[in-house]
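Colleague: Just to be clear, the model below is a prediction. Sequence and coordinates:
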Amino acid sequence: MSRRPVLRARRSPGIRASRLLILAALVAVLAGMLPLLGHLGSAATAESGAARSPDPTAPAPAPHHAAAPASAMVAAAPTLPRDGWTVSASDEETAAENGRAVNVLDGNNSTIWHSKWSGTAAPLPHTITLDMHRTQVVSALVYRPRSGSANGRVGQYAVHLSTDGTSWGTAVATGTLADDTTIKTITFAPAGTRYVRLTATTEAGNRGPWSSAAELELLGDPGTPAQTVDLARDGWTATASDQETASENGAAANVLDGEAATHWHSKWSGTAAPLPHWITIDMKSAREVSAIGYQPRRAGANGRIGNYTVTTSTDGTTFGAPVAVGTWRDDDTVKGATFTRTVTARYVRLTATSEAGGRGPWSSAAEIRIAGPASPAVHGSWGKLTGFPLVPVASAVLPGDKLLVWSAYGVDRFGGSNGYTQTALYDLTTGQVTQRRVENTRHDMFCPGTAALDDGRILITGGSNAERATIYDPATDSWSSTADMNIPRGYQAMTLLSTKEAFVLGGSWSGGNGGKDGEVWSPATGTWRKLSGVPATNTMTGDPAGPYRADNHQWLYALPGGRVLHLGPSKQMNLIDTTGNGSVTPAGTRGDSADAMNGNAVAYDTGKLLTMGGATAYENAPATRRAYTVDATGATPVAARTGDMAQARAFANSVVLPDGKVAVFGGQSYPVPFSDATSAMTPEVWDPATGKFTPMATMAVPRNYHSVANLLPDGRIFSGGGGLCGTCATNHSDGAVFTPPYLLNADGTPKPRPAITGTVPARAANGARLPVTTDKEVASFVLVRAGVATHSTDNDQRRVPLEMSRTSAGSYEVTIPDDPGVALPGSYMLFALDAQGVWSKARMLRIG
């Protein structure tokens, strides 16, 4: 390996996103027609002989949706200027080609960095390190693969940050990049840093021990601080350089009143006060602070802050160097800024140096919030971001600590009926992600219905290939077809029945508009039976788009005797009988709830469900903060209002925890597909004992339309995905694992957890009694059914508390409910909980 050269970049402007994306699309098309080009030079023969892997990014057929909104085409985080940056690498090729590291900063896509390959090739891993020569907030690394050859494309990777170039800590992002020519954005939690290091641990196509890159860029602060919580503002005061009080109530104090309709405004009557303007928050005591939130005024654009700085002080007189500097967009969405470092301060000053639209010398703000670092034992903690070679639009928890995810025919886009699907398998133990294109089922499984079958297989129906039905078997890691549905569908809902059959309803997004009546799939025959007595019209919302949107993503809960409770998203609930031709019986309304499309429903206890969020229309309608409980233990379901969420959400995902609490992630207060505007970045946890939601640590990445969340066998939660809009800036081909606070000590270290020891049978019948041993005394056992999530819907998950008796110290007998309508057949996670509510890692078993 060669000595690490430190090379200074030529001064060049940042790459424009639009030109990159257009060029990437052209290169993807040309790559499919041109033979693989190897290196020139004496050692080129061995490398250029590597096998070529297929490029999954073909030109997109016409999409089912309208184009992504304009806001989705612009990255939330700015591209940082590379003036004065330098770069170093673990090794580089200089003998047989110009493969120097400095080429990644020259603005020329035709030049590349390449690891040493002539003579004896330097082995993997290879590293390349960017030095910005100043500390800035960074949230992503943008990797442009070389053009003209596939050799050296980065596959598995890790990203590390350092403030001094010596101490690197743990990786902030790991994952696997797709083996294609598209530009890759590796996202991580925003943080102040000087050095960013990319480590390539594999070559994407396993063509050789090489790594290469045409260009590397970094993205700055996206305005979404991670791992923070808003500080309580009780007793705080605000002062400003100036304020308008003569012609309106534009007092500085308005930024702390919790009312978005009031605002602070700089003096504008008479002779307007000139820029810059500042507003200072006095928290009355020194606090750890790491971010600021800025909400523009609601009525009118005047005074929206453009360029800004944030400084802090302990005495209100001496303010130090800025902890944040940047530019906010000229729109009315809530903004944020991550500090380059956490500081202890009493005073936080926001200084506006420009008006975002250049409309005048004004500044204004509706609300200002200050955030500090989240406390792990109170707010939980997020792990590093894991990158996938596709956008995870659907996900399924599998035995063996695996998570299956898939997108559509493309890794970053959808459209048409292409007959194949991009999938990936995430090994939760090793962290490795492997990609696979599924072609043998002739099924583009985008926007499908899903059901976890009684034998652990996953049934996936409809979507882009609207009539098709596919089964994935985790035991053999194989995909196969089953009979086509009688009615083609997309956006339909499914659930397994107590009879082990699978029920499907709705789905006018694909396969024609309306008439998406119920069907039942038989595991015995592999065929579908139409239910003429279960019309979808009885279960639709009042969406202005009609059935195309009104019969989508229904909330279904399987009951005993092959019956199903339909509890939303329409405000009207129904009881469905699937025997014979089927029938639908109205079951009242969900309390005072309106229609709640793209909200959630989660079974947190036997026969008890929580619904939350959603909107009266699929898109472009305000979401709600409201939540309801639905008790289905009696003959007729009973709905009741419970505590509201702090944030309105649609396109969110919810997960039941082993202790019966429910965690909700992501969503938008004003749902717009493919947009990240109005994102809810703070997860919340609902407690059935109090009926209240508690805020958790903020996420690093928005999770909205096409995102997923799943409870994992280790008791933590995966949250990922969002986007799938081609060349948009809102594709999120990544995910992160959230550790709930109940599993953490105050310093973030794991709490001691009970452990299930001994042998747990792989399968148990309904009504069976199982001996279970633990390493210490526990208070309860629960089953949580393995979830399958897509489009904010997971009808598979349910929590089933178990009866137990203690037979001796650390030994128990647990009883599986004998009714398959309670313990629905399928794969479950068995958790033990101690007296403090701390749960074990799960053992997987099949019930039924």
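Modeller: Looks like it arrived, so ask away.

Colleague: hey, where'd the helices end up in the stretch 251-400 of the chain?
Modeller: Taking DSSP state H, counting those that start in this stretch, the helices of the stretch 251-400 of the chain run over residues 376-379.

Colleague: Kindly list the single helix or strand of this protein that scores lowest on mean pLDDT.
Modeller: helix 44-48 (a mean of 29; mean pLDDT, DSSP states H and E).

Colleague: Let me see the backbone angles for residue 549.
Modeller: Phi and psi for residue 549, reported as degrees, to the nearest 10, are phi -110, psi -20.

Colleague: ok, it touching residue 597?
Modeller: Yes - between residue 549 and residue 597 there is a contact at 7.1 Å, judged by C-beta atoms under 8 Å. For every residue, glycine as well, the C-beta is placed using N, CA and C.

Colleague: Touching both of those two, which residues are there?
Modeller: The contact sets of residue 549 and residue 597 overlap at 541, 543, 617-618 (C-beta atoms under 8 Å, 6 or more residues apart in numbering).

Colleague: Just the buried ones out of these, please.
Modeller: Among the shared contacts of residue 549 and residue 597, those buried by neighbour count (16 or more other C-beta atoms under 10 Å) are 541, 543, 617-618.

Colleague: Please identify which of those is nearest to residue 89.
Modeller: residue 618 (48.5 Å; C-beta to C-beta).

Colleague: Give me the pLDDT value at residue 71.
Modeller: As predicted, residue 71 sits at a pLDDT of 80.

Colleague: I'd guess it is in a strand, am I close?
Modeller: No - Residue 71 is assigned helix when assessed by DSSP: H, G, I helix; E, B strand; the rest coil, not a strand.

Colleague: Please list all residues in contact with it.
Modeller: So residue 71 contacts 331, 675-677 (C-beta under 8 Å, 6+ apart).

Colleague: Can you tell me which of these has the most neighbours?
Modeller: residue 676 (28 neighbours; other C-beta atoms under 10 Å).

Colleague: any idea how far residue 523 lies from residue 499?
Modeller: Separation of residue 523 from residue 499 (C-beta to C-beta, to the nearest Å): 9 Å.

Colleague: sorry, back to before: between residue 549 and residue 597, which one's more packed in?
Modeller: For residue 549 versus residue 597, neighbours defined as other C-beta under 10 Å are more numerous around residue 597 (29 against 21).

Colleague: Could you pull up the residues touching the nearest residue to that one once chain neighbours are set aside?
Modeller: Once flanking residues are discounted, residue 597 sits nearest to residue 569: 4.6 Å by C-beta to C-beta, 6 or more residues apart in numbering. Applying C-beta under 8 Å, 6+ apart to residue 569 gives the contacts 541, 553-555, 595-599, 614.

Colleague: again, only using 10 Å
Modeller: Counting by C-beta atoms under 10 Å, 6 or more residues apart in numbering, residue 569 touches 493, 539-541, 543, 550, 552-555, 590, 593-601, 611, 613-616, 618, 650, 792-793.

Colleague: now do residue 384
Modeller: Neighbour list for residue 384: 158-159, 170-175, 188-189, 431, 700, 734, 736-737 [criterion: C-beta under 10 Å, 6+ apart].

Colleague: Restricted to strands, list those residues.
Modeller: Here DSSP state E is the test, and the contacts of residue 384 give 158-159, 173-175, 188-189, 734, 736-737 as lying in strands.

Colleague: Tell me the one of these nearest residue 196?
Modeller: Using C-beta to C-beta, the ones in strands among the contacts of residue 384 come closest to residue 196 at residue 159, 6.8 Å.

Colleague: Let me see the ranges of the strands in the stretch 601-750 of the chain.
Modeller: Under the criterion DSSP state E, counting those that start in this stretch, strands of the stretch 601-750 of the chain are mapped to 608-612, 627-631, 638-641, 653-656, 662-665, 684-687, 692-695, 707-711, 717-721, 734-739.

Colleague: which residues sit in contact with the closest residue to residue 631 other than its chain neighbours?
Modeller: Excluding its sequence neighbours, the residue lying closest to residue 631 (C-beta to C-beta, 6+ apart) is residue 638, at 4.6 Å. Listed by C-beta under 10 Å, 6+ apart, the contact partners of residue 638 are 587-588, 591, 629-632.

Colleague: In those, which residue is surrounded by the most others?
Modeller: Neighbour counts for these peak at residue 630, which has 26 neighbours (criterion: other C-beta under 10 Å).

Colleague: So for stretch 608-625, what gets flagged as buried?
Modeller: Across stretch 608-625, burial judged by 16+ other C-beta under 10 Å covers 608-619, 621, 623-625.

Colleague: Surely residue 293 touches residue 333?
Modeller: No - contact criterion C-beta atoms under 10 Å: residue 293 and residue 333 do not qualify, at 11.3 Å.

Colleague: any shared contact partners between these two?
Modeller: In contact with both residue 293 and residue 333: residue 223, using C-beta under 10 Å, 6+ apart.

Colleague: any chance you could map the helices in the chain?
Modeller: Assigned by DSSP state H, the chain shows helices spanning 17-31, 44-48, 376-379, 547-550.

Colleague: Tell me, how many residues neighbour residue 526?
Modeller: Quick note: residue 526 (other C-beta under 10 Å) scores 13 neighbours.

Colleague: now swap in residue 627 and tell me
Modeller: Residue 627: 26 neighbours (other C-beta under 10 Å).

Colleague: For it, which residues count as its bridge partners?
Modeller: residue 612 (DSSP bridges).

Colleague: can you pull the contacts of it?
Modeller: Contact partners of residue 627, counting by C-beta under 10 Å, 6+ apart, are 593, 596, 599-600, 610-613, 641-645, 654, 662, 664, 684, 686, 691-693.

Colleague: With residue 643 instead?
Modeller: Residue 643 touches 612, 625-627, 684, 686-687, 690-694, counting by C-beta under 10 Å, 6+ apart.

Colleague: Ok, residue 309 next?
Modeller: Residue 309 touches 276, 278, 319, 321-326, 337, 349-353, counting by C-beta under 10 Å, 6+ apart.

Colleague: Lovely, talk soon.
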